[in-house]
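Trainee: no sequence on this one, just coordinates:
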C-alpha cells in the first residue's frame, strides 16, 4: 500500500451513524413494511404468474436498491484496483473500500479497523481461523469444542485441522427442543480445550445461544472462542467487545448485502500473532526469492485483489439496516415470528422442529409424511419460496432422527400476508396428497 493510498484510506469520510445513535422514538416506531418493500426490486417480480413470497432469508436475503446502486456506482464511476495506484481512480476506490471497513467496524463495535478482515464469506472466515490460528495452537490431544447444531461450515474446517494436528473434536449435545445442554458444555470444557466454536443463531432450529456466558466460561478455561454469527448479524445488535468474542464471522449476503463478501473480526493481538492464510499480492511487505515479510493488519490476511464492489455493497447494506434501526427490525420480526408460529401450529399434522424458548427468525417444520422437497416444489408453483433439505446441518437431522425439513425464515420485508400465503399453500399441499 502506497503512503498516498494509506493517507486516503485514513481520511475516508465517516459512515452513517449506527442504529444505537438513533433517537429512541425512531428506533422503536412501527416499521413501515410497505414502504420498505418498495426498496427491493425483486419483490415485484412474479413467479409462475403469482406474487413472490420470499421466505428463504436464512439462505440469503434479497437486496435493496441502495445496495444494488452502490455496487453499480463503483463499477460505473470508481472501478480501479486498490492500495496500489497513485492515480486518482485508484485512490478513490481505496477510500471507498477502507470506508466500508470502518462501517463494518462501527456496526459490530470492534476497537480498530485493523481487526476487520474482508473474506469471501463466513465460511472462509472460519476456515481462515481454523487453518491459521488452529495450526498455531493445536497439538495432539488438544480439544476443539463445537455444538451439535453447527452448520457444516463450522464443523468441517475443525475436522480438517484436527486431522492435521491430532486434536480431538467434540460437540455439545442439545435437547429435543433444540436447546444446548449447558451443564454438559461446562463439563466438556477442560484445561485441554484450546478452541471453542459456537453458532450464535441456529439456521436449522432458530435457537439463539447464550454466547456471551458461553464465551466467559470458555475463557475461564483458557480457551479461545470463535462465534459463527452468519444468521444472527441481521437480526439483533452485535457488540464483539461486550461479548468478548475472540473471533466473530459473518457474511454480507445474509444481511441484505452482496454475495461473495464476508467478514472476520479478530482481536488484534491474536491476528497479529497468526501466520497468513494465503499468499499473494498486497499481503506482503517485501518479497525476495529467499523470503517474504508480511504486511500489517488487516492486509496480511487479504491476499490478492479483494471483492471491492462487495465491500462497498456490504457497507450500503449496513447503512440500510441502520436506517431502519435494529431494535425496530427485531420488534417487527418478533411480531411476525409469533404470528407465523401460531398460524403454522394450527395446520393439521404440521410439526415444528426446534421449540427452544427465545427462538428467532427461523421456523423448520414437517408436514405429516409428505417429503419436504415435495412441499417446497408445490409451494414454488404458488410463488412461495421456502428452503427444504438438511440446511447444511446433517448432524442436527441425525440427532432428531429425520432426513430433512421445510424451513420458512423471515426478514425485514416479510409481512403477515406472506405467512397467510404460506399457510394457504400448505393447505393446498395437504389437499393434493389427500386426493
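Mentor: Cool, got the structure. For clarity, every value in this text was computed on a predicted model and none was experimentally measured.

Trainee: okay, CA-based contacts and neighbour counts for the rest of this
Mentor: Fine.

Trainee: shaky segments in the stretch 151-300 of the chain?
Mentor: Within the stretch 151-300 of the chain, no stretch has pLDDT under 70.

Trainee: residue 390 and residue 407 touch, don't they?
Mentor: No. Using CA atoms under 8 Å, residue 390 is not in contact with residue 407; the gap is 9.7 Å.

Trainee: shared neighbours, the two?
Mentor: Both residue 390 and residue 407 are contacted by residue 204, under the criterion CA atoms under 8 Å, 6 or more residues apart in numbering.

Trainee: the two - which one has more neighbours?
Mentor: Neighbours per residue, other CA atoms under 10 Å: of residue 390 and residue 407, the larger number sits with residue 407, 30 against 20.

Trainee: tell me who's in contact with the residue nearest to the more buried one when sequence neighbours are not counted.
Mentor: Using CA to CA, 6 or more residues apart in numbering and skipping the chain neighbours, the partner closest in space to residue 407 is residue 364 (4.2 Å). Neighbouring residues of residue 364 by CA under 8 Å, 6+ apart: 204, 205, 352, 353, 354, 405, 406, 407, 408.

Trainee: count of neighbours near the fourth one?
Mentor: Meaning residue 353. Neighbours of residue 353 (other CA under 10 Å): 22.

Trainee: ok, it - contacts?
Mentor: Counted by CA under 8 Å, 6+ apart, residue 353 has contacts 177, 205, 363, 364, 365, 366, 405.

Trainee: now do 6 Å
Mentor: Neighbouring residues of residue 353 by CA atoms under 6 Å, 6 or more residues apart in numbering: 364, 365.

Trainee: what sits closest to residue 166 if chain neighbours are left out?
Mentor: Per CA to CA, 6+ apart, closest to residue 166 is residue 140, 4.1 Å.

Trainee: how about the backbone phi and psi for residue 249?
Mentor: phi -120, psi 140 (degrees, to the nearest 10).

Trainee: now it: closest residue in space that isn't a chain neighbour?
Mentor: That would be residue 264: by CA to CA, 6+ apart, it lies 4.7 Å from residue 249.

Trainee: pretty sure the one you found contacts residue 126?
Mentor: No. If you go by CA atoms under 6 Å, residue 264 and residue 126 don't touch, sitting 7.8 Å apart.

Trainee: output the contacting helices and strands for the helix or strand where residue 332 lies.
Mentor: Assigned by DSSP states H and E, residue 332 belongs to helix 326-345. Identification of packing neighbours for helix 326-345 by 3 or more CA pairs under 6 Å, 6 or more residues apart in numbering; DSSP states H and E yields helix 24-28.

Trainee: so for the helix it packs on, what's the average pLDDT?
Mentor: Taken as a whole, helix 24-28 has a mean pLDDT of 41.

Trainee: ok, stretch 404-418 next?
Mentor: pLDDT averaged over stretch 404-418 gives 97.

Trainee: cool, and stretch 315-335?
Mentor: Rounded mean pLDDT across stretch 315-335 is 96.

Trainee: residue 352 sits in which helix or strand?
Mentor: strand 350-353.

Trainee: mind listing what that strand pairs with, with the direction of each?
Mentor: Its sheet considered, strand 350-353 pairs with strand 362-367 (antiparallel) by DSSP bridges.

Trainee: next secondary structure after the partner strand?
Mentor: Strand 362-367 is succeeded, C-terminally, by helix 372-380 (DSSP H and E).

Trainee: may I see the buried residues of that next one?
Mentor: 372, 373, 375, 376, 377, 378, 379, 380 (16 or more other CA atoms under 10 Å).

Trainee: reformat those residues as a markdown table; add pLDDT and distance to residue 45.
Mentor: As requested, these are exported to a markdown table (pLDDT from 0 to 100; distance: CA to CA, whole Å):
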| residue | pLDDT | distance to residue 45 |
| --- | --- | --- |
| 372 | 97 | 25 |
| 373 | 98 | 23 |
| 375 | 98 | 22 |
| 376 | 97 | 19 |
| 377 | 97 | 18 |
| 378 | 97 | 19 |
| 379 | 98 | 16 |
| 380 | 97 | 14 |
